[in-house]
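In: How does the following fold in three dimensions:
(one chain, ligands or ions: 2)
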Amino acid sequence: MPRTLRIPRPDDFHVHLRQGEGLAAYARREALHFGRALVMPNTLPPLSGPESLSAYRAAILEATAGLSFEPLLSFKLLPGMARQTVLACAAAGARVGKYYPAGATTNAQDGIREPGEIAEALAAMEEAGLILSIHGEDQEAPALEREAAFLPVVDGILSSYPRLRLILEHLSTREGLAFVQAGPERLAGTLTAHHLLLSLDDLLGEGLEAHLFCKPVLKPAVHRDALRAAVFSGLPRLFFGSDSAPHPRVKKESGRAPAGIYSAPAALPALAGLFDQAGALDRLEPFLCSRGADFYRLPRPRGQLTLVEEAWTVPDELDGCVPLLAGQTLAWKAIE
Ligand code: DOR
Ligand code: ZN
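Out: Ligands and ions are numbered 1, 2, ... in the order given. Next up, the predicted model:
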């Protein structure tokens, strides 16, 4: 009998489902494995007000009709955003305001140059009990140093807003990890499957792999190994957010690949294999199903997802995109 792992339907606390063409397929794919997902607001135009949030939730629910899936909403913080806008987003159901430094990633040209630009919004978020989710990269720093270079900004926000709850997204370095570990209880970090599975050498050590290009960029293996050690030992305040970010194959294979890895289809089987190899399979459920929900003060996930130790080859293409680990045979598979 192959080994099986039955867990509640996991939460994905960071996903890009896009808009328009693509949204339905990406949302349905996400809903095959995840029961809830925090959807990112970097669409064009951005999700930055109550009407667009409500319309976006309706579009996702329509796309995933018949599947058990709950989108959790975030709004994009914009320079000069008013307290009233923040409170209206909260009233529309948003739990999170997302901080994108200007120019740091896909559709972040309208992002924030320094936290003073959103002082009013941050105070309103603190008042309303919303969580600040941060893409922590300093765009002025060299590519591999951007995460570490941004940490002083996070430190400043922590001191200026002593009740604000913060998440540093997609941790990719030892420095980011250490910062979260040393921080207060109201600071957490998310980790992606790709930053745990891969390193900079997978991106460019052999041929240049556009489908593995993401922000923050994959780091040298010492960083990946530190992230692995942290999740395998079950350190607190670290949980899963896939940062699954589909871009159509034609765009990824153009001369200038956009940043983003379509990881949702393969993330869970790949993580099961990774944790299993490390003898840490028992740490997977808290990473996927409880630490995040607890930090977000949500009920723990329900339902069931079964992972089984059975060879599964990741398709070469899904939904017009090349998924994470395309064409590779994994030791575990998810029963959909
Ligand atoms: O690689 C990434 N892709 N990182 C991000 O922060 C954004 C995302 C996207 O939207 O494509
Ligand atoms: Zn993201």
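
In: Surely residue 219 touches residue 200?
Out: Yes - using CB atoms under 8 Å, residue 219 is in contact with residue 200, at 5.8 Å. Where C-beta positions appear, they are placed from N, C-alpha and C, glycine not excepted.

In: So between these two, which is more surrounded?
Out: Ranked by neighbour count (other CB atoms under 10 Å), residue 219 and residue 200 place residue 219 first, with 23 against 17.

In: so where do the strands sit in the stretch 201-336 of the chain?
Out: According to DSSP state E, counting those that start in this stretch, the stretch 201-336 of the chain carries its strands in the segments 238-240, 305-308, 312-313, 329-330, 333-335.

In: Out of the ones you listed, flag the one nearest ligand 1.
Out: Ranking those by distance to ligand 1, with CB to the nearest ligand atom as the measure, places strand 238-240 first at 15.7 Å.

In: Mind listing what's buried along that closest one?
Out: For strand 238-240, burial by neighbour count (16 or more other CB atoms under 10 Å) applies to 238, 239, 240.

In: list the helices and strands it packs on?
Out: Strand 238-240 sits against strand 11-15, strand 187-191, helix 291-296, with contacts defined as 3 or more CB pairs under 8 Å, 6 or more residues apart in numbering; DSSP states H and E.

In: Of those, flag the one that's most buried.
Out: Of those, the one with the most neighbours on average (mean count of other CB atoms under 10 Å) is strand 11-15, at a mean of 27.

In: Do a quick rundown of the helices in this structure.
Out: Secondary structure of the chain (DSSP state H): helices at 23-33, 50-63, 83-91, 119-128, 146-160, 174-182, 193-197, 200-204, 221-232, 249-252, 267-277, 284-285, 291-296.

In: right, so the ones you listed: which one is the most enclosed?
Out: On a mean-neighbour basis (criterion: mean count of other CB under 10 Å), the most buried of the helices of the chain is helix 193-197, at a mean of 24.

In: average pLDDT for that one?
Out: Helix 193-197 shows a mean pLDDT of 99.

In: Extract the C-alpha trace of it and format it as PDB.
Out: C-alpha atoms of helix 193-197 as PDB (Å, rounded to 0.1, in the frame of the first residue of the first chain):
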ATOM      1  CA  ALA A 193       7.300  26.000  -2.500                       C
ATOM      2  CA  HIS A 194       9.700  27.300  -5.000                       C
ATOM      3  CA  HIS A 195      12.000  29.100  -2.600                       C
ATOM      4  CA  LEU A 196      12.100  25.900  -0.500                       C
ATOM      5  CA  LEU A 197      12.700  23.600  -3.400                       C
END
